[in-house]
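Student: fold the following.
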Amino acid sequence: MILNNLQNFLEKIDSWRNNFLYFFIRRYWPRFISPNFVTYIRVFVSVLLFILLFWFNIESKTIILSLFCVGILTDFIDGPIARCLNKTTEFGAMLDSTADRLLIMPIAFYSLYRFHKWLLLILILVEIINAIVSILCKSKDIYLESNIYGKTKMVVQSIVFVAILIIWPLRPLNIFFYALWLTIPLSFLSIYERLVEIYPSKFKYLK
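Tutor: Down below sits the predicted model:
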């Protein structure tokens, strides 16, 4: 009951966001720019962040924060663009979730490795489990549309890492790290939703 109420609440907020964006997308979005192209921008930004931070050791707050915000913006709009223009595809959904992980990982390593190695390790392990379950869904020919728990996790992580980057190199407040710990149950709820799709007879009674 509690999970159902939480899910309904989060989905209502997500629908408000979608309706707000649909208004502008229908009128102003250039039709030649596909939603997958927007997602590819996020992949490019993610790779660029890895290169700048860990290859060239560039730690300019303005550059890193700006790139990360561009990546977040693409995540905010690519799904609504696909749904609004009726261009949703299974490949697009897989690309979207992969791009999300790629965007978060360099910033997570950069900001957590020094003081919060356990948190970083658990975030990585949870994402590996999520990726394995996603591959399992693909092997069962199940469409991999993002669920509301995964979307909420990404929103919370994005907000927290933006705040951490703004404060950096000063040590962030512990509340930011508590918020990241809270995204782990959201990740497991997202994984659980996928398991329900794969094995409905085994998991549906827990809904």
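Student: just the buried residues of the longest helix along the chain, please?
Tutor: What stands out as the longest helix in the chain, according to DSSP state H, is helix 2-28. By neighbour count on 16 or more other Cβ atoms under 10 Å, the buried set for helix 2-28 is 7, 10, 14, 21-22, 25. Every residue, glycine included, has its C-beta placed from N, CA and C.
Student: stretch 178-196 too?
Tutor: Within stretch 178-196, the residues that count as buried by 16+ other Cβ under 10 Å are 180, 183, 186-187, 189-196.
Student: then stretch 146-162?
Tutor: Under the neighbour-count criterion of 16+ other Cβ under 10 Å, stretch 146-162 has 146-155, 157-158, 160-161 buried.
Student: got a list of contacts for it?
Tutor: By Cβ atoms under 8 Å, 6 or more residues apart in numbering, the residues outside stretch 146-162 that reach it are 7, 10-11, 14, 65, 68-69, 72, 75, 79, 93, 96-97, 100, 104, 107-108, 111, 130, 176, 179-180, 182-183, 186-187, 189-190, 193-194.
Student: pLDDT of that stretch, averaged?
Tutor: Averaged over stretch 146-162, pLDDT sits at 92.
Student: stretch 61-80 now?
Tutor: For stretch 61-80, mean pLDDT is 94.
Student: so where is this protein shaky, pLDDT-wise?
Tutor: Within the chain, the segments meeting pLDDT under 70 span 1, 140-144, 200-207.
Student: just give me the residue right at the centre of it.
Tutor: Against the mean C-alpha coordinate of the chain, by Cα atoms, centre = their mean, the closest residue is residue 154 at 3.5 Å.
Student: does residue 116 touch residue 177 like I think?
Tutor: Yes. Applying Cβ atoms under 8 Å, one finds residue 116 in contact with residue 177, separated by 5.8 Å.
Student: tilt between the next helix or strand after the longest helix of the chain and helix 2-28?
Tutor: For helix 2-28, the following helix or strand on the C-terminal side (DSSP states H and E) is helix 35-50. Helix 35-50 and helix 2-28 are oriented at 110 degrees to each other (axes from the mean of the first three to the mean of the last three Cα atoms, to 10 degrees).
Student: what residues does helix 35-50 touch?
Tutor: With contacts defined as Cβ under 8 Å, 6+ apart, helix 35-50 is touched by 64, 67-68, 70-71, 74-75, 77-79, 81-82, 85, 87-89, 91-92, 95-96, 98-100, 102-103, 105-107.
Student: now, of the residues you listed, which are buried?
Tutor: Among these, those scoring as buried are 64, 67-68, 71, 74-75, 77-79, 81-82, 88, 92, 95-96, 98-100, 102-103, 105-107 (criterion: 16+ other Cβ under 10 Å).
Student: out of these, which are inside helices?
Tutor: Members of these lying in helices (criterion: DSSP H): 64, 67-68, 71, 74-75, 77-79, 81-82, 92, 95-96, 98-100, 102-103, 105-107.
Student: re the thing from before, mind putting the buried residues of stretch 146-162 into JSON lines with distance to residue 42 and secondary structure?
Tutor: Compiled in JSON lines, the buried residues of stretch 146-162 are given as follows (distance: Cβ to Cβ, whole Å; DSSP: H, G, I helix; E, B strand; the rest coil):
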{"residue": "146", "distance to residue 42": "14", "secondary structure": "coil"}
{"residue": "147", "distance to residue 42": "19", "secondary structure": "coil"}
{"residue": "148", "distance to residue 42": "20", "secondary structure": "helix"}
{"residue": "149", "distance to residue 42": "20", "secondary structure": "helix"}
{"residue": "150", "distance to residue 42": "15", "secondary structure": "helix"}
{"residue": "151", "distance to residue 42": "15", "secondary structure": "helix"}
{"residue": "152", "distance to residue 42": "18", "secondary structure": "helix"}
{"residue": "153", "distance to residue 42": "16", "secondary structure": "helix"}
{"residue": "154", "distance to residue 42": "11", "secondary structure": "helix"}
{"residue": "155", "distance to residue 42": "15", "secondary structure": "helix"}
{"residue": "157", "distance to residue 42": "14", "secondary structure": "helix"}
{"residue": "158", "distance to residue 42": "11", "secondary structure": "helix"}
{"residue": "160", "distance to residue 42": "18", "secondary structure": "helix"}
{"residue": "161", "distance to residue 42": "14", "secondary structure": "helix"}
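Student: I am finished for the moment; much appreciated.
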